[in-house]
Structures are given as structure tokens and as C-alpha cells.
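>>> What would the 3D arrangement of this be:
(one chain, ligands or ions: 2)
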Amino acid sequence: MIVELKNITKYYQNAGSAEKRIILDDLSLAIEKGESIAIVGPSGSGKSTLLNVISSLDTANSGSVIFDGEDLSQKNERELANFRNQNLGFVFQSHHLLPQLNLIENVLLPFIPVKDKKQKQDAEKRALELLDFVGLSELIYQRPGQMSGGECQRAAVVRALIHQPNLILADEPTGSLDKKSAEQLGDLLVSINEKQGVSVVIVTHSMDLAKKMKKIYQLEEGSLKQLTIGNE
Ligand code: ADP
Ligand code: ADP
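Ligands and ions are numbered 1, 2, ... in the order given. Sure thing, here's the model as predicted:
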């Protein structure tokens, strides 16, 4: 088991109001190692909130998040930041690449403060391998403005993988892409899952993307229900 959510409840309460808006309602979910899952559901149903609870960017009001056997609620902010760096890769709807840096610089950005020469070289080697894996070898000196939306999103996936995470969390990763680029990005996430053994959790509106994952869950009224229209 890579992640286990146990009885997670998350609500928002406006200042001065007694009323709670429950977003996640006593929700439990087990994600196995090597699994790929999609979370679908209407806008505002709490999908991003759920992803943020899994990644410890947000905390639930009750319940626990167990990551690889460790209870994240026992960790302080600093430990959580380390935990995220070591275990998680994030992909968002927009690529968040820096426009003034070229592709390889963007991917290696997290290693700028690293002093250890060997560690830097290893990261460079890994960056080149990953860029090859996603088909961007030819573009390493291009800036994001000279790349297509799909290429930028694939670059964002490489950046998410550079720290060798155990789990990739993607929030609407194809939301800003045309159909063909979305299809390619979906296939890329599948191959990362299958060939590199990284677990994948995506939140999406797109059933085409969701169906590429091994399991699909629908989030509605604070609860998850597994859908059986996947690719089994
Ligand atoms: P989804 O990703 O499914 O669109 P979200 O998780 O972004 O849904 O949001 C779920 C609900 O929680 C929405 O109604 C949103 O307005 C509300 N919400 C999200 N963040 C906050 C916040 N910080 N304070 C109050 N309400 C919030
Ligand atoms: P959009 O492209 O629709 O503006 P994104 O997909 O970029 O939204 O971001 C989705 C959510 O992830 C937002 O709530 C945003 O605040 C959050 N987010 C974006 N980048 C980061 C980051 N580097 N670290 C943590 N949260 C982020």
C-alpha cells in the first residue's frame, strides 16, 4: 500500500458562521503500489481538495493519511516538505515552466542549490534520459515559449519525475491541451506507471483520460465510488 486514507473528513466554515460545508465526508481510500487511479466528479466536488489531502499540502479536519506505512499527521511542516520532495511529483493543469529558462534548465532547476558534483551529474543524466523517454530530446535548448502546449506538459511530467518520486499526483493534467496532445499525455502517464513503476493519481474531467487508468473513482457528495467502466 502506498497511500491509505482513513475516515477523512474535510469541511470549510466561513468566519462567523456556524454552518460547515462538508467537502470530504468520512472518506477512505487505499492506493496500492504501482496502481494508477483517476478521480472524476463534477466541478467543485472536492477533487483538488482530496489530492491536496493525499499530498499533505492540505490537512483534513479528521482522519489519517498513511503513506508507505507512515502516519503523515505525526509530521511537522518541515518533515512534510521533505516527505513531499522525496516521494511526490506534481503535475498541474498549467505547466508552470519558467519562460526565461530553456527546457533542460527548467528540469534541472531544483538542483541549482545542490553542491555535490556527483549528485548534479546524476540529475543531468537522469534529465536527459527522461527527456528522451517523453520524446523531447531535440528540444532541450528551447524555451517554453518555443514549445507547444503538449510539449510543455510533457516537460512538466519530466520535472515531476526528476526526484524519482514514488507517486505522481496530477490535477487536470490535460485540461489545457488539445485532443491529440491530451491523448499523448495520457499515454505518457500510463507508460510512467507501467514502465517506471511510479504510482499515479489523477484528477480529471476527461473520461478519455480516466479510462486509461487502472481504476476510476467518482467523487460525489464527499464520498468515493469506484466505477467499473475502466479498461478491465
Ligand atoms: P474540484 O477540484 O472538484 O473542482 P475543489 O476541491 O477545488 O473541487 O473544491 C471543493 C469545494 O471546496 C468548492 O466548492 C470550493 O469552492 C471549496 N473550497 C476549496 N478551497 C476552499 C477554501 N480554502 N475555503 C473555502 N472553500 C473552499
Ligand atoms: P490552472 O492551470 O487551472 O490555473 P493549476 O493546474 O496550475 O491551475 O493548479 C491547480 C491547483 O494547484 C491550484 O489550486 C494551484 O493553486 C495549485 N498549485 C499550482 N502550482 C502549485 C505548486 N507548485 N505547489 C502547490 N500547489 C500548486
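>>> residues from this protein in reach of ligand 2?
48, 57, 92, 93, 94, 96, 171, 172 (C-beta under 6 Å from any ligand atom). No exception for glycine: its C-beta is placed from N, CA and C like everyone else's.
>>> Can you tell me which of those residues end up in helices?
Among these, the members falling in helices (DSSP state H) are residue 48.
>>> List buried residues within the residues of the chain next to ligand 2.
Neighbour-count burial (16 or more other C-beta atoms under 10 Å) is assigned, among those, to 48, 92, 93, 171, 172.
>>> Provide the strand pairings for whatever helix or strand residue 90 lives in, with the direction of each partner.
In this assignment (DSSP states H and E), residue 90 forms part of strand 88-91. Take DSSP bridges as the rule and strand 88-91 pairs in its sheet with strand 167-171 (parallel).
>>> what's the angle between the helix or strand just after the strand it pairs with and strand 167-171?
Next along the chain after strand 167-171, taking DSSP H and E as the criterion, comes helix 179-196. What separates the directions of helix 179-196 and strand 167-171 is an angle of 160 degrees, with axes from the mean of the first three to the mean of the last three C-alpha atoms, to 10 degrees.
>>> helices or strands next to helix 179-196 in the packing?
If you count contacts as 3 or more C-beta pairs under 8 Å, 6 or more residues apart in numbering; DSSP states H and E, helix 179-196 packs onto strand 36-40, helix 149-161, strand 167-171, strand 199-203, helix 207-210.
>>> Name all residues that make contact with the residue nearest to residue 137 when sequence neighbours are not counted.
Spatial nearest neighbour of residue 137, excluding adjacent residues (C-beta to C-beta, 6 or more residues apart in numbering): residue 131 at 5.5 Å. By C-beta atoms under 8 Å, 6 or more residues apart in numbering, the contact list for residue 131 reads 103, 104, 107, 137, 139, 140, 155, 158.
>>> what pairs with the closest residue to residue 47 other than its chain neighbours across the strands?
Nearest residue to residue 47, sequence neighbours excluded (C-beta to C-beta, 6+ apart): residue 203, at 4.2 Å. Beta bridges link residue 203 to residue 39, residue 171 when assigned by DSSP bridges.
>>> Residue 203 reaches residue 49, doesn't it?
No. With contact taken as C-beta atoms under 8 Å, residue 203 and residue 49 are classed as non-touching, separated by 9.8 Å.
>>> between these two, which one's more packed in?
residue 203 (26 against 21; other C-beta atoms under 10 Å).
>>> quick one on the thing from earlier: quick check: the two most widely separated of the residues of the chain next to ligand 2?
Spatial extent of those (C-beta to C-beta) is set by the pair 57 and 94 at 16.7 Å.
>>> ok, how many other residues are close to residue 59?
A total of 15 residues lie near residue 59 under the criterion other C-beta under 10 Å.
>>> separation between it and ligand 2?
In this view, residue 59 and ligand 2 are 14 Å apart by C-beta to the nearest ligand atom, to the nearest Å.
>>> do the same with residue 115
Residue 115 is 24 Å from ligand 2, where distance means C-beta to the nearest ligand atom.
>>> before we move on, what about residue 219?
Noted for residue 219: a distance of 16 Å to ligand 2, by C-beta to the nearest ligand atom.
>>> Repeat that for residue 107.
Residue 107 sits at a distance of 15 Å from ligand 2 (criterion: C-beta to the nearest ligand atom).
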